[in-house]
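J.: Kindly return the folded structure for what I paste below:
(chains A and B)
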Amino acid sequence: MHAGKSTPNHPGQLEDRDAQQTHFTTCYMCACRCGIKVTVENDRVRFIQGNPNHPVNKGVLCAKGNAGIMKQESPAKLRHPMIRRPGTERGAGIFDPISWDDALELLTNRLRNIRASDPKKLAFFTGRDQMQALTGLWATQFGTINWAAHGGFCSVNMAAAGLYTLGHSFWEFGEPDWDHTRYFMMWGVAEDHGSNPIKIGLKKLKDRGAKFVAVNPVRTGYQAIADEWIAIKPGTDGLFALAMVHVLLKHRQVDNAFLVRYTNLPWLVIDDPGGSRDGLFWRGENNEPIVWDEASDDFADGRLPNIQPTLVGEFDTPDGFRVRTAMSLLLERYLDERYAPEQVADRCGISAADIERIALELAHVAFEEEIIIDTEWTDWAGRRHENFVGRPVSMHAMRGISAHSNGFQTCRALHLLQILLGTIDCPGGHLAKPPYPKHIPPGILPAGSTAPNTPLGSPPLGFPTRPEDLVIDEQGQPLRIDKAYSWEAPLANHGLMQSVIRNAVRGDPYPIDTLMLFMANMAWNSSMNTAETLKMLTAKSDDGDYKIPFIVTSDAFASEMVNYSDLVLPDTTYLERFDTISMLDRPISEPHLACDAIRAPILKPDRDVRSWQEVIVDLAGRLEFPAFVDEQGLPKYKGYEDFIVNFERAPGIGFLSGWRGSDGKDALVGEPNPRQWQDYVDNECFFEHALTPEQRYLRHANGDYLNFAKASGWVGSNEQIILEPYSETLQRFRLAGLGVYEGPCPKDPEHQKRLATYFDPLPEYYEPFGAQADDEFPFNALTQRPMFMYHSWDSQNAWLRQIQQQNYLYINEDTASQCGVNDLDWVWVESRTGKVRAQIKTMRGLEANTVWTWNALGKQRGTWSLAEDAKESRAGFLLNHLISDVLVDDEDRANGDPITGQAAWYDLKVKISPAADGGEDSWPQWQSAHRTTGKVPETISYTTHANKNLRRQT
Amino acid sequence: MRLGLIIDVETCVGCHGCATACKQWNTSGTIGPLSDIEPYGSAPDGAWLNRIKTFELVSETSEQTVHFPMSCLHCENADCVSVCPTGASYKREEDGIVLVDQDRCMGCNLCAWACPYGARELDPVQGTMKKCTLCVDRIYDERLPEEERKPACVLTCPTNSRLFGDFDDPQSEVSQVAAARDGQDLMPELGYAPTNQYLAPRSNKEKLPQRRSEDLLGSITDWIKEAIAR
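T.: Numbering: from 1, shown residues only, chains lettered A, B, ... in the order given. Modelled structure (predicted):
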């Protein structure tokens, strides 16, 4: 409610609204991309609030978004371009100012030489980049395959498992149907993405009386309001999920019709152990997958409509193969007693009775509480249906699943559970978000070769489906600096940013010339084994030159990484620039709304800074990239704004899909509109296109939707997207590992073993590598992200840091007493890689053998304009020091998932002992870096006008 | 009118959105600025009108983690008002909002000591007492869109765990919800008669019906063929 009309003693106008202006833009205090309404007064921000009309946050805003003022006011903002002072060492943080002209000329000359000789000597990696469509295009035009964003150390396991199984995924490409779901399971969400949408959704569930089960070793945040908290042992989620699959199969609680119509489980799989086609689908002359059709009593193309494929059975083929349906293999696999709840209970830390109960509760809600949406629709084969049937069970999963070395298969196990219950893209289930779903996997292959002064033939990142698609040389050696798409990480769809520094310093597979980073704190919290990484950044060869010769960083703030750079190009804040959150990239769509958004500048920078996107469009023109110059070789675009409006990836398809066409009247597809930015600004900086009711569900098989998606350029064909619980892609790599694949096979026995073991075509559980039973290091250690901070960018924030400056190590109360330590004691935390000294806090809501801390808080002394004795550096710590960047037992392999390369942050095992040697500081500590930024205030009394006191009237 | 808040502890996830929204609105508001000392130092501290406490609630039968937002409860019998030696602290008759007249406050801190809820904070730079105003500078401001004439904390709460309204009006949303969900006074035994109401968690749905089969599938050969057209 609002008080509305004035009262007899109404306070009147307490500020001059006529002196204020309101603007709209998109938040960037985290990755959620909420819409914000910003009130400005005297060129300063009066108030930032959620935009009530915005599809993502619908008017609400989290703690981070509400603290944007202090981001803008931060003394840690970089003020001008800087170059490392000659004669000083990297890491000392001593710089000279340099003009933009000189900085860009220097960089252009360096890049021009690299591009003309060996373009892959430029490694360009971006961190919390929300414009990968642009940075990826830039890398493609430059001609380097060494480009990726931060997904390799974030959540590629989630994206890849989804895109190779469903054609969409958790978080960005899909979300629970919050409006209809009756049973919601949240797996391993360490207070991370997405921020406001999850909170809005949980409230809807609570209001509706839906059940919310949280699977997480830690009971904080979202877990605190769950109906049931499952304190799972870290890294065993896949086992729990597959035990529930066992129960569902045993009780015959699967949606057979869904499996027959929408998945590849009826397809026939060749059973020929040792053969080159074992485990592949038996295919017809035109490569079509084959099923046994009960209607015709014969083999048939499994993709045809109206056939009656047998779901379980085995057959002999005319060409002499024994074949079985994928469903038969699935049943054989998961009915096995090793998945029985009583077999997995101890390992997961969940009782057998609870595993069985939860599985059968899911079945109850899926099948007994089905919901019908009376909307007629047409399927992919042109058949009309009267309604959509919903199975209101949904799930969301994130970092607790992805950050283990078994994360890809675990995420597939969750998707298998969703598929068996028939809950994919149905009312109440797990919904895709446009432009997803895509065909499985999306039809883009990673570029495999480079040539001087030549753009790549395809983007640096893509989706291999067979060993031939790997980015390796004829000897089978990696071609990319991060070894993505090599035998080490064949499905590294987001690259392996976390491996770049180590590999470049080792010259493995080759040395590079320049490392260019945007918004990535690789000298601190985004690297594993941080202390060692800092040594690598300053490592020199015998001739005295740095092993990574030149490091360029673009960031808005004085991060740890800035000090380890040679050239620093200061970025703007999010309130000072244009940005696109594009349909070509990671748009802000909701399940039934195709949406994209922009940022528009609200404040003028008071510093000599430029947005990174402006800089790379400028560089692209200077370097004469074909897509960025005209026939005369002159820059084609006046700058970033001009580029975004006029660039077309394909005719009619550009970065922004709203207000296209010369008159701005087209949506999704249309000619460039010269007024497009203004149209976005006039429409609160976002565009939304609502799907029609018949397009909204079962989109993988929905003709109304698929035709529309094809016309919009989102998918290449309107053929049915057949879900892949059985992954032939994985089996091809497994055959290569076994040495029988008819194509490239690895020669290194270790690669052979990894492929043969982990590339299972059915979701399989294996113990995370680092977490294998180790008596000396008994505790799993992991991090969560505080809801009020988004990694290092926010711990400088004067308001947010008052909530917490020091990260403690949280430990179970009973476990602490067994270890002989008490609340607030200082302890040594040791892993096989290193040790840190930290202060503990005891708690009860924590799995007994797990310890954890908040990510984002610990800082290197002297950075981010924090005081020398700020608690972030003095008492806070970085768990990263304990996390090896390579496998503990094999230092040639990155510490990650063997399929995607995803960094296995959460495989860490530690031991804890009292820090009897005293000291109430964290350890390790670094000598304070030279301060690169301006004056730091001793107090703040922020206001945008003289505050008008409301005086007492009586 | 008796204006106040309902705070739903059942759905508060402890995100601190309400606290920071409050801070940013009110620092330029009538009670502002809300100053901070050592903002980038070793002991940063400032005046906040709303803070979230998180604790574990342990009983013999259950354990839970609770996020508990705390701000002024705008009590009917507000000791913070009666102890004020200068008359700076007052409760408005027309709507029940407890305010501090910044021009009269001498920063003696008596009111903060009198408040059992710890809801008042002395501004470390200004030296005057700061507290929740229920965004009195928003709720009557006809220049704001009508739906935004609410306290900033209510406007921003991502789980919609905060409601604002008139507890004197039995038809208001806050009165209705307080009745339906058995709104609680905080520490009623003290007799301050707080206006703000807290909603306790409803009992959790730990167990639901299960869908079982008596005819368990033992092996693949038990599978019963079913004709399903693609």
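
J.: what about the helices in chain B?
T.: B:17-27, B:79-82, B:110-114, B:136-139, B:152-156, B:173-180 (DSSP state H).

J.: helix or strand for A:A838, which one?
T.: Using DSSP states H and E, A:A838 maps to strand A:835-843.

J.: Tell me where chain B has strands.
T.: B:3-8, B:36-37, B:45-46, B:50-58, B:63-71, B:89-91, B:98-100, B:121-122, B:129-130, B:162-166, B:197-199 (DSSP state E).

J.: Pipe these into TSV and attach mean pLDDT per row.
T.: Listed next are the strands of chain B as TSV, based on pLDDT from 0 to 100:
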stretch	mean pLDDT
strand B:3-8	98
strand B:36-37	98
strand B:45-46	97
strand B:50-58	95
strand B:63-71	95
strand B:89-91	97
strand B:98-100	98
strand B:121-122	98
strand B:129-130	98
strand B:162-166	98
strand B:197-199	98
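
J.: Which one of those lies nearest to A:M789?
T.: strand B:50-58 (14.2 Å; C-beta to C-beta). Using the backbone N, CA and C atoms, a C-beta is placed for each residue, glycine as well.

J.: what comes into contact with the strand holding A:A838?
T.: A:806-813, A:816, A:821-829, A:853, A:875, A:877-879, A:881-882, A:912, A:915, A:919-924, B:56 (C-beta atoms under 8 Å, 6 or more residues apart in numbering or on different chains).

J.: In helices, which of the residues you listed appear?
T.: A:E813, A:A816.

J.: Would you mind checking the contacts of strand A:835-843 for buried ones?
T.: Neighbour-count burial (16 or more other C-beta atoms under 10 Å in any protein chain shown) is assigned, among these, to A:806-813, A:816, A:821, A:825-829, A:853, A:875, A:877-879, A:881-882, A:912, A:915, A:921-922, B:56.

J.: In chain A, which residue is most central in space?
T.: In chain A, the residue lying closest to the centroid (C-alpha atoms, centre = their mean) is A:S155, at 4.0 Å.

J.: and among the helices of chain B, the most buried is which?
T.: helix B:17-27 (a mean of 29; mean count of other C-beta atoms under 10 Å in any protein chain shown).

J.: That helix to strand B:3-8, inter-axis angle?
T.: 150 degrees (axes from the mean of the first three to the mean of the last three C-alpha atoms, to 10 degrees).

J.: Helix B:17-27 packs against which elements?
T.: strand A:44-50, strand B:50-58, strand B:63-71, helix B:152-156 (3 or more C-beta pairs under 8 Å, 6 or more residues apart in numbering or on different chains; DSSP states H and E).

J.: which stretches of chain A have low pLDDT?
T.: A:1-12, A:771-773, A:917-918 (pLDDT under 70).

J.: so what's A:L809 up against?
T.: Contacts of A:L809 by C-beta under 8 Å, 6+ apart are A:V827, A:V829, A:A838, A:Q839, A:I840, A:K841, A:V851, A:W852, A:T853, A:F877, A:I912.

J.: hmm, 10 Å instead?
T.: Shown here is A:L809, whose contacts under the criterion C-beta atoms under 10 Å, 6 or more residues apart in numbering or on different chains are A:779, A:781, A:821, A:825-827, A:829, A:836-841, A:851-854, A:877, A:879, A:910, A:912.

J.: for A:T572, same thing?
T.: A:77-78, A:556, A:578-579, A:599, A:601, A:603-605, A:607, A:609-614 are the contacts of A:T572 under C-beta under 10 Å, 6+ apart.

J.: Equivalent analysis for A:D508, please.
T.: Contacts of A:D508 by C-beta under 10 Å, 6+ apart are A:Q477, A:P478, A:I481, A:K483, A:S499, A:R502, A:D892.

J.: one step back: over to the residue nearest to the centre of chain A: give its phi and psi.
T.: Dihedral angles of A:S155 (phi, psi; degrees, to the nearest 10) stand at phi -140, psi 40.

J.: Those residues of the stretch 701-850 of chain A touching chain B, which are they?
T.: The stretch 701-850 of chain A has residues A:701, A:720, A:786-789, A:796-805, A:813, A:842-846 near chain B, with proximity defined as C-beta under 10 Å from any C-beta of the partner chain.

J.: Quick one: end-to-end length of stretch B:121-130, please.
T.: 5 Å (C-alpha to C-alpha, to the nearest Å).

J.: So for the residue in the stretch 701-850 of chain A that chain B sits nearest to, what's the nearest residue that isn't a sequence neighbour?
T.: Closest to chain B within the stretch 701-850 of chain A is A:A798: 3.7 Å, counting by C-beta to the nearest C-beta. Closest residue to A:A798 apart from its sequence neighbours, by C-beta to C-beta, 6 or more residues apart in numbering or on different chains: B:P39 at 3.7 Å.

J.: Test my guess that A:G349 contacts A:N849.
T.: Yes - using C-beta atoms under 10 Å, A:G349 makes contact with A:N849 at a distance of 8.3 Å.

J.: Need the overlap of contacts for these two.
T.: Going by C-beta under 10 Å, 6+ apart, residues that sit against A:G349 and also against A:N849 are A:P217, A:K233, A:P234.

J.: surely A:G448 meets A:E474?
T.: No - A:G448 lies out of contact with A:E474 (C-beta under 10 Å); the separation is 11.4 Å.
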